[in-house]
Structures are given as C-alpha cells and as structure tokens.
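Participant: Here's a sequence, model it:
(one chain, ligands or ions: 1)
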Amino acid sequence: MNLPTIASIGFGAMARALQDGLARNSDSLRLSGALVRSATNQEATTNFTLWQSAQELIAAKPDLVVECAGHSAVREVVPKLLEAGIDVIIASVGALADSQTRDRIDRAAQTGKARATVVSGAIGGLDVLRAAALAGLDEVTYVGRKPPPAWKGTPAEHLLDLDALREPTEFFNGDAASAAAEYPKNANVTAAVALAGLGFDRTRVRLVADPHQQTNSHELEAIGAFGRFRIILDNNPLPENPKTSWLAALSAEQAVFRHFTNLEL
Ligand SMILES: NC(=O)c1ccc[n+]([C@@H]2O[C@H](COP(=O)([O-])OP(=O)(O)OC[C@H]3O[C@@H](n4cnc5c(N)ncnc54)[C@H](O)[C@@H]3O)[C@@H](O)[C@H]2O)c1
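Facilitator: Sure, this is the predicted structure:
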C-alpha cells in the first residue's frame, strides 16, 4: 500500500513534534519531508526529503502539506501550493489577520480546487465559537496571560517594568485587529479566535503580564443567543521551542488525522 505523502513547510520545533507524533500514533501516516530554507545533511535521511523551493515541493506531488514555518510562508508559499491543487493545513493563523492574505489564499484554493484548513493551535473551544456564531454572538473576549519574561521583546516592555512586576498587570485592552498588529507574537491565537467568532474589529483582547503565572494561559469567553461559555487553557511549552505551546503541535497532528479519516469524530 502506498502511504500518502505528507510534507511540512519548515522543519523547526512544531514540524519535528508532528513527525514524532505521527510516528508514535499512526501506522499509515508519516512526515515524508520538509520544505526548508537551507538543508543540512544531518536532517536528510533516506526516508525524509528536504525540498528547498516551493517548485521542488510541488513537483513531488504531496497529498498534504502542513505549514509549520511562520507568517511569511503563509503569504509566499501556501498560495502556490493551493494553486497547484495541494491541500494545506495552516498553523501560522496570524497571517490571516491581513484581509488581503485571506483573499489571496481563498482565490488560490479556488483556482487549484484545493482546501486550506487552519489549526485551532494553542487555543481551544473554536468549534463552540463557530457554531455559536451562527445564532449571533454579542461578545467575545480573549485574555492572554503570560509570565512577565514572556512579554519581553513586545511593546509591553515599554509600558511596564516587567522585571519589577509583583502583581498581575493588564497592559493591552482593545480589539483583535490592533492586538494582532501590535503583538504579532500573540497573533496566531488572536486571529484564530477572531476568525472563528466576531471578526477582528469586534473581538475584545486583553493581555496580562502575571508574575504568579508559570505557563502561557489563554482564556476565551463568549456570550450570545446560544448562551455563554468560558474556557481556560494553561499550556505547557514544546520542549524544543518554549514559545510554541505543545497543544499547537498536537492540534496540527490532529488536523492531519482529520484530513485522512473517513469518519470525523
Ligand atoms: N496557531 C497557533 O496557536 C500557533 C502556536 C505556535 C506556533 N504557531 C506557528 O507555527 C510556526 C512554527 O512554530 P515552531 O515552534 O516550529 O517555530 P520554529 O522557529 O521552531 O520553526 C520554524 C521553522 O520554519 C522555518 N521557516 C520559516 N519560514 C520558512 C519558509 N518560508 N520556508 C521554509 N522554512 C521556513 C524557520 O527557518 C524555522 O526553522 C510559528 O512560526 C508560528 O507562526 C502557531
């Protein structure tokens, strides 16, 4: 039996976790190779191909590609794959905060009769949000809470003395469009919530530096005709990249299983 060819864009922490996860959890699915910026011999094995251009990857006719690279790969590589008729799972959902990129991906998928799917990533409850939106949502609020050092390298650094913080402190309260633009490192979760629910202008985002917090926590609350729901996730990091939640890699793996299953549970 021929195994499907599954490739990743990028071969960093998430793609490696996907490779390990598929090897551990499936007899029939495995990562066949990756599109990388520069190939090193250590990564190439007889069972694993490294492609160095989108053209090379397209020529290999993969059945599915999982983007595990970053926002620029969503803009630059994903449309080419979709136009060539290759289905793509997108992990860097934050790239879709830009409406031109969303339109480009949509048009490319239509041209190639291919499917682009976004992962739920580090956040959960998006199935509830999508369903609830059908009857109308009144409010959606996302609260991102991280230990102060995790906000270093963001505008929070100029708003707070992160090293001196003793109490949880909110430093951003605004819409998802501004949050995604000002805090691009948080944009994947913000965009996933906005796209599933009330959109970028009506989704409220609060960002908090919390010295009592050990992990990255995501809280999502929605109120609408369906009722009300609230979910809190305290995510452990991927050992290879503390900036990426383990759950984000697991959700990419789960999206691969869903893609190939006949009965989606
Ligand atoms: N949806 C979510 O909740 C969520 C959570 C975490 C991460 N992510 C996304 O997943 C991406 C991957 O995460 P990671 O932990 O593996 O990051 P990582 O930095 O460990 O690895 C990313 C790899 O992709 C490579 N890369 C970047 N652009 C490329 C391109 N155009 N072509 C080929 N390779 C390219 C980089 O060189 C790097 O090796 C992140 O950039 C982020 O956008 C999404």
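
Participant: burial measure for residue 19, as a count.
Facilitator: The number of residues packed near residue 19 is 21, by other CB atoms under 10 Å. Any C-beta I mention is one placed from the backbone N, CA and C, and that applies to glycine too.

Participant: Show me what the helix or strand harbouring it is packed up against.
Facilitator: If you go by DSSP states H and E, residue 19 is part of helix 13-25. Counting contacts by 3 or more CB pairs under 8 Å, 6 or more residues apart in numbering; DSSP states H and E, helix 13-25 packs against strand 6-9, strand 31-35, strand 237-238, strand 241-245, helix 246-260.

Participant: got those as JSON lines, with mean neighbour count columns?
Facilitator: Below are the helices and strands packed on helix 13-25 laid out as JSON lines (neighbours: other CB atoms under 10 Å):
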{"stretch": "strand 6-9", "mean neighbour count": "26"}
{"stretch": "strand 31-35", "mean neighbour count": "25"}
{"stretch": "strand 237-238", "mean neighbour count": "19"}
{"stretch": "strand 241-245", "mean neighbour count": "17"}
{"stretch": "helix 246-260", "mean neighbour count": "20"}
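
Participant: Those: which one's closest to residue 170?
Facilitator: strand 241-245 (21.3 Å; CB to CB).

Participant: And the closest one, what does it pack against?
Facilitator: helix 13-25, strand 237-238.

Participant: could you redo the last one with a cut-off of 6 Å?
Facilitator: For strand 241-245, the packing partners by 3 or more CB pairs under 6 Å, 6 or more residues apart in numbering; DSSP states H and E come out as helix 13-25.

Participant: list the buried ones in the helix it packs on?
Facilitator: Neighbour-count burial for helix 13-25, counted by 16 or more other CB atoms under 10 Å, picks out 13, 14, 15, 16, 17, 18, 19, 21, 22.

Participant: that older thread, mind checking if the helix holding residue 19 is in reach of the ligand?
Facilitator: Yes: part of helix 13-25 sits near the ligand under the criterion CB under 6 Å from any ligand atom, namely 13, 14, 15.

Participant: can you pull the pLDDT of the nearest residue to residue 214 once chain neighbours are set aside?
Facilitator: Counting by CB to CB, 6 or more residues apart in numbering, residue 214 lies nearest to residue 147, which is 6.7 Å off, once chain neighbours are set aside. pLDDT recorded at residue 147 is 92.

Participant: mean pLDDT for the helices and strands packed on helix 13-25: which is lowest?
Facilitator: Among the helices and strands packed on helix 13-25, strand 241-245 scores lowest, with a mean of 87.

Participant: Any residue of stretch 128-145 touching the ligand?
Facilitator: No: judged by CB under 6 Å from any ligand atom, stretch 128-145 stays clear of the ligand, getting no closer than 11.1 Å.
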